[in-house]
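> I'd like to go over a predicted model; first the sequence, then the structure.
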Amino acid sequence: MASRGVDRLRHAQRLSEQRPYHAAPLNVCLQVNIAAEPGKGGVSPEEAPALAAGIAALPRLKLRGLMCVPPAEDQPARQRHWFAEVRLLFESLNARGAALDTLSMGMSADLEAAVLEGATMVRVGTALFGPRSAHAP
C-alpha cells in the first residue's frame, strides 16, 4: 500500500478534487511534525485531530494513518520517545473513530526503535542502497 503524505487540508482537498472518479480513493497518511522542527513539513500533534477529520470527510481520499520523520537521535531510548509520541497520537485518533491502520515511521538508522513502537511501514533506502552521494538530485 503506497501512501501520500499530507499536512494541509487544502492539499488534501486538491488531491481529492483531482482524483479520477473511476479510481479507488487515494491512500494518504497525515504527516506529523512531532518535534516542531523548523524546516520540516507536518502538522503539529495538537492540530492533527482537526486535519484528520477534514481529510476523512473528503470523498476521493482514504486516510490510512500517520507518518513522521523525527529528529535524528543516536540513543535508542530517545528514538523510541519520538515514535511513542506518534503512536499515542495514532491511538488517540483511533479512539475517536479514525480507523487508522498505518504508522509510517522510522528509517535505516532507527528502524528497530520504530518497530518497537508499532511502525507498520519503515523507509530503509540507506540500508539497501547505501548513503546518497552529495551531488544526487
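It's in.

> burial of residue 20, as a residue count?
A total of 8 residues lie near residue 20 under the criterion other C-beta atoms under 10 Å. In short, each C-beta sits where N, CA and C put it, glycine included.

> what's the helix or strand where residue 103 lies in contact with?
Here residue 103 sits within strand 102-107, counting by DSSP states H and E. Here strand 102-107 makes contact (C-beta atoms under 8 Å, 6 or more residues apart in numbering) with 1, 3, 5, 29, 64-70, 83, 86-87, 90, 113-115, 117-126.

> C-terminal to that strand, what's the next element?
Using DSSP H and E, the first helix or strand after strand 102-107 is helix 111-116.

> and that following helix, what does it pack onto?
If contacts are counted by 3 or more C-beta pairs under 8 Å, 6 or more residues apart in numbering; DSSP states H and E, helix 111-116 sits against helix 76-95, strand 102-107, strand 121-123.

> average pLDDT across the first one?
In this model, helix 76-95 carries a mean pLDDT of 93.

> just give me the neighbour total for residue 83.
The local packing of residue 83 (other C-beta under 10 Å) involves 23 other residues.

> once you drop chain neighbours, what's closest to residue 69?
In this structure, residue 69 finds its nearest non-sequential neighbour in residue 40, 6.6 Å apart by C-beta to C-beta, 6 or more residues apart in numbering.

> in stretch 84-94, which residues are buried?
Of all the residues in stretch 84-94, those buried under the rule 16 or more other C-beta atoms under 10 Å are 85-87, 89-90, 93.

> thank you, goodbye.
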